[in-house]
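> have a look at this prediction, sequence included:
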Amino acid sequence: MVAALRSHFNGKTKISGNFGSLSGIAAVFSACLLSALPAYAVEIASPDGRIVVDVDTRNGIPGYSITFNDKPVLNFSRLGLQFQKAPDFVEGFDIASVETKTTDLVWTQPWGEEKDIRDHHKEARIVFQSQTGPARQMTVTFRVFDDGVGFRYDIPAQAGVDAIKITDELTEFTFHDNLKAWWIPAYKDNRYEYQYAASSIDSLDVIHTPATFEGDKIAISIHEAALTDYASMTLRRPMMHGQTLKADLVPWADGIKVYANASFKTPWRTIQIADTAYELANSRMILNLNEPNALGDVSWVKPGKYVGIWWCAHIRTCTWETGEKHGATTENTMRYMDFAAKYGFDGVLVEGWNIGWDGNWYENGDLFRFTEPTPDFDIEKIAAHGRKVGVPLIGHHETSANIVNYEKQLDAAFAFSEKHGMRAVKTGYVGSRLNDTEWHHGQYMVQHFQNVVETAARHHIAIDAHEPIKDTGLRRTYPNMMTREGARGGEYDAWSHAAQGNHPDHATILPYTRMLSGPMDYTAGIVDLRFGEQEENGVSSTVAKQLALMVVIYSPLQMAADLPENYEGHPGFQFIRDVPADWEESIALDGRIGAYFVMARKDRNSPDWYLGAVSDEQARTITVPLDFLDNATTYRAEIYADGEGAHWLDNPQPLAVKTKTVTAEDSLNLELAQGGGQAIRFTPLAAR
């Protein structure tokens, strides 16, 4: 049987992982440990056969390569790790054994962009054994899905080694072609909050993930999954290495990349692959590479929409600090709660409620108190009013990047939040360094976030993290880690002239980059797009685009970010009230990165569908087939489109609301203004 699975490959035995074509042989082979074989290479194919991974050693160096549709994607790319005062996993290796298996199952998210998710992949667990030097063993597990590849290191304890200090991860991604990359820079003071740049791979320096790469009939995203107790991975292009990107782990202040036990597992390195860039948004691979729910009953985790005392502080009609214009007062908070109750919102966020905001707050990290309200914020009265009207507070913990001060108060802070009926807390870490020494993206912050999420879970509280560590799908394992910022959000439009905030193409890049990692609290839904004394500041968007972003940019805690008085009587407010925050199904329909994007989502709690489409600074018409709708049903389409003369800079306010009867056999021509968008609700009228 084993002989039937061998073929000649570079002078070694090749074990094929295309198990779907091996029928009954595969079932037996998948349970076999092939430790008695001579040195060989391993091939693993996706269930549909379009993605093929070859794993091999060359001159004793472990590595892998990938093809897609029979065309090379990644050339031989090395694997390995380096340690301080321990034998490295660099060279002198050969493949010693392989275990393979196939998984095909469906699991259900308690909330999410998709209710039921299929996990169908082929797996090869490959053991590399040193042939020279000290005895060393390294296991690398590959999982190959129809939408990409994940692999991780699994290091058993080595003889004479009690603990590990990782000084470098040698993982490479050597592209066959010099693709166009969409990226943000790493190791910058503003964390992930940059507008995206586009350039060829051979021009890159060091960038964050997820990073997306485009070529002829191919799109690739490189990221990671299940990041726990390890450093975040950035990508660095080594000098003189052309189209090779190398894992660059964010270090501790002392230069060590990761402190690990004698045996440890790394996060999964992920390579999502699709024919076109918009199809990357339909991948669920990163979630599939995370462990199942570790919290048990999470019925207390509630998706929903919220409003908050937040936007007013950004546009300076109120302040975080106490004084005449203080936003977080008892009366103002109760006013927001009444508004939320009247219009069906699920919570009220309040920023500036606690001691620490007075003065230069972003340098006051040691002054914040998370159980001490300001004198004008009567927490008992506010919490009682929230219970009366059925609208809980959403807490806010700004740390100004002082982790030491926050962790001293962590359990008390969440106990305080639980006592006062808060179901969610928004955390913040404004600052270029944690405790003035550590990067936001190293192992220190990863460990801190794990502490926060687990502490919050003990008090039945969900987390919305700003200035976070990037999302890597841990919401599957810890469903109370609901959403986060992790990119340049809507607040940047509050601080600048409309032409200097988020560029109109920003929202047409996020679905292909940042959003591939998970939900984002972008804070959309602004309907008064010009503000300030001379109305020079403003959002670089039309109103219709702001509505569309409620569908395009997914968050289970979705903020309607504008002021209550701006919503009252506005024709677009109905869509904001209607659009859900929890979905049965999500389908990216069309798009081109940096130009436009179209997303359709089905409500988890009704038969309604919603569609959002956004454009860059160019006007365009997009024809969208409606074949995602039930083909036996007639629908009423309630359309919120750019009004006559709408333009993101010169005339952002016009909004046209109309209705149309449609079926799954129809197509709609979506006319998007410059910097515009369109939002649609499809409600069943009758079965056909």
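Happy to help now that I have it.
> now do the helices in the chain.
Counting by DSSP state H, the chain has helices at residues 24-29, 285-288, 311-314, 330-343, 379-389, 403-419, 443-458, 543-552, 564-567, 573-578.
> quick one: buried residues of the second one?
Going back to what we said before, that points to helix 285-288. 285, 286, 287, 288 (16 or more other C-beta atoms under 10 Å). Where C-beta positions appear, they are placed from N, C-alpha and C, glycine not excepted.
> got it, and the longest one?
Of the residues in helix 403-419, those with enough neighbours to count as buried (16+ other C-beta under 10 Å) are 403, 405, 406, 409, 410, 413, 414, 416, 417, 418.
> contacts only, for the residue nearest to residue 93 when sequence neighbours are not counted.
Nearest residue to residue 93, sequence neighbours excluded (C-beta to C-beta, 6 or more residues apart in numbering): residue 128, at 4.4 Å. With contact taken as C-beta atoms under 8 Å, 6 or more residues apart in numbering, residue 128 is in contact with 57, 62, 79, 89, 93, 94, 95, 96, 137, 138, 139, 140.
> hey, what's residue 128 bridged with?
residue 95, residue 138 (DSSP bridges).
> tell me how far it lies from residue 78.
12 Å (C-beta to C-beta, to the nearest Å).
> intersection of neighbour lists for these two?
With C-beta under 8 Å, 6+ apart as the test, residue 128 and residue 78 both reach residue 62.
> show me the contacts for the nearest residue to residue 214 once chain neighbours are set aside.
Nearest non-adjacent residue to residue 214, counting by C-beta to C-beta, 6+ apart: residue 180, 4.7 Å away. By C-beta under 8 Å, 6+ apart, residue 180 lies in contact with 198, 199, 200, 213, 214, 215.
> likewise residue 394?
306, 308, 347-350, 422-426, 464, 557.
> surely residue 233 meets residue 268?
No. If you go by C-beta atoms under 8 Å, residue 233 and residue 268 don't touch, sitting 10.3 Å apart.
> need the overlap of contacts for the two.
With C-beta under 8 Å, 6+ apart as the test, residue 233 and residue 268 both reach residue 224.
> give me the neighbour count for residue 297.
9 (other C-beta atoms under 10 Å).
> okay, it: pLDDT?
Residue 297 carries a pLDDT value of 98.
> from residue 448, how far out is it?
26 Å.
> what of residue 64?
For residue 64, the distance to residue 448 - C-beta to C-beta - is 33 Å.
> now swap in residue 153 and tell me
Distance, residue 153 to residue 448, by C-beta to C-beta: 23 Å.
> for residue 129, same thing?
37 Å.
> more neighbours, those two?
The neighbour comparison of residue 129 against residue 448 (other C-beta under 10 Å) goes to residue 448, with 21 against 17.
> ok, the residue nearest to the more buried one when sequence neighbours are not counted - contacts?
Residue nearest to residue 448 in three dimensions, not counting chain neighbours: residue 403, with 5.4 Å by C-beta to C-beta, 6+ apart. Taking C-beta under 8 Å, 6+ apart, we find residue 403 in contact with 429, 434, 435, 438, 444, 445, 448.
> could you dump the residues you listed to TSV with pLDDT and distance to residue 644?
Converted to TSV, these look like this (pLDDT from 0 to 100; distance: C-beta to C-beta, whole Å):
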residue	pLDDT	distance to residue 644
429	97	44
434	95	50
435	94	54
438	97	53
444	98	53
445	97	48
448	98	51
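> columns distance to residue 167 on top of those residues, output as a markdown table?
Converted to a markdown table, the contacts of residue 403 look like this (distance: C-beta to C-beta, whole Å):
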| residue | distance to residue 167 |
| --- | --- |
| 429 | 26 |
| 434 | 21 |
| 435 | 23 |
| 438 | 17 |
| 444 | 17 |
| 445 | 19 |
| 448 | 22 |
